[in-house]
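Q: Would you be able to build a 3D model of this:
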Amino acid sequence: MLEKPIAITPGEPAGIGTEITVKAWKDKSCPPFFLIDDAERVANRAREASLEVPIKIVSSPEQSLECFIDALPILPHKFPVHCKPGKPEELNASAVIEAIEIAVRYAKSGIVSALVTNPIQKEILTKENFQYPGHTEFLAALCGTDVKPVMLLASDELLVVPVTIHEPLGKVPKLLNESLLQQTILTTNSSLKTDFSITRPRLCVSGLNPHAGENGTIGLEEEKIIKPAIEFLKNKGLRINGPVSADSMFTKDARISYDIAICMYHDQALIPIKTLDFWNSVNVTIGLPIVRTSPDHGTALNLAGSGHADANSMITAIKLAHKIYNNRLANKGFG
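A: A predicted model of the protein is given here:
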């Protein structure tokens, strides 16, 4: 079987994406990848960060395999205006979006094994009529999948999934329902089997309210939504436990009892994993027909151009994308 490269999107050009991608190539431990970007811009940004990197402009993803050992392959993609590190330009928003669309087309056609997305500055993209809360929802739209995408955060310390993703906290109780919870858990259970090669996943579900509602004395979502969904899935044969109190489910002793934590909202899931392993955690979009990972941090505009951005999450994201692709092949998870 011929190896396929990984496509990397530039993300916000004023952020740290260029620096961490260059550092990932220089690390020499990653599988082959190419960056969709402007070669001159990348070279300038690398110099600003005191990084020396040989660059090779490629005309196709396949060509990147030939030069990856000796140079960072770049598939040309222009940005309309120059931007300084840490200073996003609204006029570049369309080019950021187009780069994601290009990478998805390559992944859907099977030309690349996966895509790894650098962080985007959502407030800039929304001014270009970007209608999505984040990468997760946009990728689902591009893939045309009927399955609601699920955001999974992965590290060696913990796997977590938030049921609701980029939603204001005040909206979460109204958005939660049995169908959403069941669909999210079923997608997660399937991904753990095909993407992570966990034969019989153990899932632990948090409550929404303090102390998981204390049998209805501190909120009713556990009684009306979460418990019925869990019982339904238990009857389907899933190894699932909950709802448990979120304030005690992330201790070291608790984490060894499950493979993944299913949480009700964004911060309930992301705070523990980022606290445990901020620079090595990875964002994975599951439920898609393509493999997509991303560093689990933002654009870090305050660090852009400094040379001090930590590339560990990017390196881990590239390696995990490669691993998931191979796991899907082995577990017949494509198609």
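Q: now stretch 68-83, how far from the chain's geometric center?
A: Taking CA atoms, centre = their mean, to the nearest Å, the mean C-alpha location of stretch 68-83 is offset from the chain mean by 22 Å.
Q: Also stretch 253-268?
A: Using CA atoms, centre = their mean, the offset of stretch 253-268 from its chain centre is 17 Å.
Q: what about that stretch, average pLDDT?
A: Here stretch 253-268 scores 97 as its mean pLDDT.
Q: now stretch 152-165
A: Here the average pLDDT along stretch 152-165 is 96.
Q: Buried residues, it. List them.
A: For stretch 152-165, a neighbour-count test (16 or more other CB atoms under 10 Å) marks 152-155, 158-165 as buried. Placement of C-beta: from N, CA and C, glycine included.
Q: Which of those residues fall in strands?
A: In this view, the buried residues of stretch 152-165 that belong to strands under DSSP state E are 152-154, 159-162.
Q: Now distance to Cys204 too, for those, in TSV please.
A: Formatted as TSV, those follow (distance: CB to CB, whole Å):
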residue	distance to Cys204
Leu152	14
Leu153	15
Ala154	15
Leu159	10
Val160	10
Val161	11
Pro162	14
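Q: Just name the closest of the residues you listed to Thr126, please.
A: Each of those was scored against Thr126 by CB to CB, and Pro162 proved nearest at 21.1 Å.
Q: Tell me what the closest one is bridged to.
A: Cys263 (DSSP bridges).
Q: check contacts around it.
A: 151, 263-266, 268-270 (CB atoms under 8 Å, 6 or more residues apart in numbering).
Q: And the helices in this structure?
A: 17-27, 39-48, 64-67, 93-109, 122-125, 135-143, 172-175, 178-194, 221, 227-235, 252-255, 266-277, 312-330 (DSSP state H).
Q: thinking again about what came up before, so which two of the ones in strands among the buried residues of stretch 152-165 are the farthest from each other?
A: Farthest-apart pair in these is Ala154 and Pro162; separation 13.1 Å (CB to CB).
Q: where does the stretch 1-150 of the chain have low pLDDT?
A: When residues are selected by pLDDT under 70, those of the stretch 1-150 of the chain lie in 1-2.
Q: can we see that at 80?
A: Residue ranges of the stretch 1-150 of the chain with pLDDT under 80: 1-2, 145-147.
Q: pretty sure Ser64 is touching Ala71, no?
A: No - the criterion here is CB atoms under 8 Å, and Ser64 misses it with Ala71 at 9.4 Å.
Q: Compare those two (neighbour count), which wins?
A: Under the neighbour definition other CB atoms under 10 Å, Ser64 and Ala71 were set side by side, and Ser64 has more, 25 against 16.
Q: From Lys28, how far out is the more buried one?
A: Here the criterion is CB to CB, to the nearest Å. By it, Ser64 lies 15 Å from Lys28.
Q: Now do the domain split for this structure, please.
A: Domains of the chain are assigned by automatic domain parsing as 1-145+288-335, 148-286.
Q: and the nearest residue to Phe232 once chain neighbours are set aside, what is it in contact with?
A: Spatial nearest neighbour of Phe232, chain neighbours left out: Gln182 (6.3 Å); criterion: CB to CB, 6 or more residues apart in numbering. Contacts for Gln182 were tallied using CB under 8 Å, 6+ apart; they are 229, 232-233.
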